[in-house]
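Enquirer: only geometry, no sequence info:
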């Protein structure tokens, strides 16, 4: 009985932190599910991909990967570059995940940007079990995304409406992320590196092959010039 009470208390403490995430995840999840359907995939694809990949931007890109010629090496490298930030998330959470037993594998698997942000920075009350709190944050966010994507796939197959321009949603999402980062930074060195690298690789490699080279260029430039940029206040 005491254990149930502790679990319930952790759930009640975690749930309010995930409400804003629910709104964003369901909107993007529904869009992703419909986008998959418009691209010719049944609802099973967004459902299973959300359950196994659980990476929003990567899942949007995966649609084009599935429609493109088979290129496993390029897909692997692009996936690693896009999701590389999770390496740093994992390092930051090493101490927080200590001693959590069976909860730890799912916390590692389900760690997205939003779950990391809440679990790393939330002021968890002393009377609330830390492990259950982080598990509920991660689980709820996971369920929001999977259910939204699945529902979007179902709606896309059941409803008939004009979906012209829906494939632009991924571009719009990255534009918004870029603009938010631009407004957040006092100096825009990292943003300019991204824009100039993209433009140069687009000219050199063409529209069909510039993505991987762009990510590699950005990674190299940020690695080489990280210290000067930090000193100049260009990294937040």
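Expert: Received the coordinates, thanks. The model shown is predicted, which means the values in this text are computed figures rather than measured ones.

Enquirer: what ranges in the chain fall below the confidence cut-off?
Expert: Along the chain, the model assigns pLDDT under 70 to residues 1-2, 159-174, 176-178, 180-181, 184, 208-209, 233-236.

Enquirer: can I see the domain layout of it?
Expert: Domain ranges of the chain: 2-158, 185-231, per automatic domain parsing.

Enquirer: let me know which of those is tucked in deepest.
Expert: Using mean count of other Cβ atoms under 10 Å, the stretch among these with the largest mean neighbour count is domain 2-158, at a mean of 17. Using the backbone N, CA and C atoms, a C-beta is placed for each residue, glycine as well.

Enquirer: now that one: how far from the chain's centre is it?
Expert: Relative to the chain's own centre, domain 2-158 is displaced by 7 Å; criterion: Cα atoms, centre = their mean, to the nearest Å.

Enquirer: swap in stretch 202-216?
Expert: Relative to the centre of its chain, stretch 202-216 is centred 22 Å away, using Cα atoms, centre = their mean.

Enquirer: and the contacts of that stretch?
Expert: 74, 77-78, 81-82, 197-198, 201 (Cβ atoms under 8 Å, 6 or more residues apart in numbering).

Enquirer: and what of stretch 66-83?
Expert: With contact meaning Cβ under 8 Å, 6+ apart, stretch 66-83 is reached by 39-41, 55, 57-58, 61, 65, 211-212, 215-216, 219.

Enquirer: and for stretch 89-108?
Expert: Outside stretch 89-108, the residues that touch it by Cβ under 8 Å, 6+ apart are 111, 113, 116, 119-120, 130-132, 134-135, 138-139.

Enquirer: try 7 Å
Expert: 111, 116, 119-120, 131, 134-135, 138 (Cβ atoms under 7 Å, 6 or more residues apart in numbering).

Enquirer: what's the farthest-apart pair in the residues you listed?
Expert: 116 and 131 (15.8 Å; Cβ to Cβ).

Enquirer: now do the host helix or strand of residue 195: distance to the chain's middle.
Expert: Residue 195 belongs to helix 189-205 when assigned by DSSP states H and E. Distance, stretch centre to chain centre, for helix 189-205: 22 Å (Cα atoms, centre = their mean).
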